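[1] Okay, here's the prediction I keep looking at, along with the sequence it came from:
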Amino acid sequence: MKPTIGNAELRLLRFIEETGPLTVRVAHEGYGEPLGLVRTTVQQMMERLRKKGVLVRSPGPAGWEYSPAAASGNGAQTAIHQFVTQALGGSIVPLVSYLADQTELTDAQRQELQRLLEALDE
């Protein structure tokens, strides 16, 4: 079972995914300070994500650098997994039904959904 990741942790994970390997200092300056978070809060969040196996830590030129774990998937996948598991009881049918009812989907989005459904059949 995948570990649960809170909303704040998920937003930080997505920031790290977009930014690349970074130190706590850089994460605090780019992510934490704009939100009014102190450095130790950002550090604790990064360590929790590391202990959950979502981030890895390695030595870098400016200190420990954190980056997404290769096997963890991306932040969006983690959030969707948690939503399907917790809110939908593990069933993707309500989610797919919701997507099918959306009239605001672009042609490209519809084609991508069709491609994904066809991939399930293979």
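    Structure's in. What do you need?

[2] Any idea how many residues pack against H28?
    21 (other Cβ atoms under 10 Å). C-beta: built from backbone N, CA, C; applies to glycine.

[3] Any idea which helix or strand in this protein has the lowest mean pLDDT?
    The helix or strand of the chain with the lowest confidence, counting by mean pLDDT, DSSP states H and E, is helix 75-86 at a mean of 73.

[4] Counting by contacts, list what it packs against.
    helix 7-19 (3 or more Cβ pairs under 8 Å, 6 or more residues apart in numbering; DSSP states H and E).

[5] The helix it packs on to helix 75-86, inter-axis angle?
    150 degrees (axes from the mean of the first three to the mean of the last three Cα atoms, to 10 degrees).

[6] Which strands or helices does helix 7-19 pack on?
    Partner elements for helix 7-19 (3+ Cβ pairs under 8 Å, 6+ apart): helix 24-27, helix 39-51, strand 63-68, helix 75-86.

[7] how far out from the middle of the chain is it?
    Taking Cα atoms, centre = their mean, to the nearest Å, one finds the center of helix 7-19 at 6 Å from the center of the full chain.

[8] before we move on, what about stretch 31-42?
    Worked out by Cα atoms, centre = their mean, stretch 31-42 lies 18 Å from the chain centre.

[9] Using CSV, write down the CA coordinates of that stretch.
    Taking C-alpha atoms only, stretch 31-42 is exported to CSV below (Å, rounded to 0.1, in the frame of the first residue of the first chain):
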residue,chain,number,x,y,z
TYR,A,31,8.3,27.0,-2.2
GLY,A,32,8.2,27.7,1.6
GLU,A,33,8.9,31.4,1.8
PRO,A,34,6.1,32.5,-0.6
LEU,A,35,3.7,30.4,1.6
GLY,A,36,5.0,31.9,4.8
LEU,A,37,6.6,28.6,6.0
VAL,A,38,9.7,28.5,8.1
ARG,A,39,12.7,26.6,6.8
THR,A,40,12.4,23.8,9.5
THR,A,41,8.8,23.1,8.3
VAL,A,42,10.0,22.6,4.7
